[in-house]
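# Sequence first, then the predicted structure:
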Amino acid sequence: MNRSAREDKVSNAYEYIKNKIVLGEYLPLQDISDMELQKELSMSRTPIREAIQILEKDSFVKIYPRKGTLVGEIDYNLVNAIYEVRLLNEPYIAAQSYRMLGRDWLKKMYDAFENPPQFKNREEYVSYYTKLDDNLHNTIISQSQNSFLKELLNVVADHSNRIRVYCAKVNQNYAHSIEEHLEILDAMIRKDDKEVKENYEKHIKNSWNDTVEFIFPKKRLT
């Protein structure tokens, strides 16, 4: 097998396992079976093990030598680390790069947040705004010209998505988050750099506090 084909297999295994973790199909502390993955992915153990090693580096799993691999927990330290990185970087990137997105795209996103379709149930509501949230934040991150920062924030975004999916089990209302996204997009449409940065910071801080309250109700951020 040439190097490119091997790397493709590792990448495919990485994305497959990571997506199951992010979407909650693999639960925290669940054992990950190499043998099951070999059957599901129709590939040998080697690329799967390489993918798992990368997943451990990215804090999605924990490898226990001669014992096995467990899905990583969503613990207090992880949540704080993810939001700290977001708070220190995303508002800056947003203020620096939102003009590259174009007014039409920003207005389209604003309309999508403000005028959603009719939902048949709560699952549709959660799915719609989760995908919209991901699209906005990931598109903003993609505009960064710093390749090192972009690589870091792409991993952070995957963790954020996992946390969002987990919180959706207890978060019954996205109303205030929707309003915060509308404020961010409005500032971008008006080309108010200062407000873009301030509104983005406010949104991340509020999301951070909400996440801690949902997952760790006995703890409070200071």
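Structure received.
# drop to CA atoms for contacts and neighbour counts, all remaining ones
Noted.
# just checking, P47 touches V10?
Yes. Counting by Cα atoms under 8 Å, V10 is a contact partner of P47 at 4.7 Å.
# how about the strands in the chain?
Applying DSSP state E to the chain gives strands spanning 31-32, 61-64, 68-71.
# mind listing the helices in this protein by residue range?
Ranges of helices within the chain are 3-22, 34-41, 45-57, 76-97, 103-114, 122-142, 147-167, 175-189, 193-215, based on DSSP state H.
# Now mean pLDDT, mean neighbour count and distance to Y64 too, for these, in CSV please.
Listed next are those as CSV, based on pLDDT from 0 to 100; neighbours: other Cα atoms under 10 Å; distance: least, Cα to Cα, whole Å:
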stretch, mean pLDDT, mean neighbour count, distance to Y64
helix 3-22, 91, 16, 17
helix 34-41, 94, 13, 13
helix 45-57, 96, 18, 11
helix 76-97, 96, 17, 19
helix 103-114, 97, 15, 43
helix 122-142, 91, 15, 32
helix 147-167, 93, 17, 21
helix 175-189, 95, 18, 38
helix 193-215, 94, 18, 26
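# Could I get those in CSV, plus columns for distance to R66?
Shown next, in CSV, are those (distance: least, Cα to Cα, whole Å):
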stretch, distance to R66
helix 3-22, 20
helix 34-41, 13
helix 45-57, 13
helix 76-97, 25
helix 103-114, 49
helix 122-142, 37
helix 147-167, 27
helix 175-189, 44
helix 193-215, 32
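# Please identify which of the ones you listed is closest to I63.
Closest approach to I63 among the helices of the chain is made by helix 45-57 (6.9 Å; Cα to Cα).
# Among the helices of the chain, which comes closest to G68?
helix 34-41 (8.9 Å).
# tell me what the closest one is packed against?
With contacts defined as 3 or more Cα pairs under 8 Å, 6 or more residues apart in numbering; DSSP states H and E, helix 34-41 has these neighbours: helix 45-57.
# ok, back up a step: export the strands of the chain to TSV and tack on mean pLDDT and distance to I54?
Output for the strands of the chain, formatted as TSV (pLDDT from 0 to 100; distance: least, Cα to Cα, whole Å):
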stretch	mean pLDDT	distance to I54
strand 31-32	96	14
strand 61-64	96	9
strand 68-71	95	12
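# can you tell which of the ones you listed is closest to E40?
strand 31-32 (12.4 Å).
# Show me what the closest one is packed up against.
strand 68-71.
# what lines up beside the strand it packs on in the sheet?
strand 31-32 (antiparallel), strand 61-64 (antiparallel) (DSSP bridges).
# what residues does that strand touch?
For strand 68-71, contacts defined as Cα atoms under 8 Å, 6 or more residues apart in numbering pick out 21, 26-33, 60-64.
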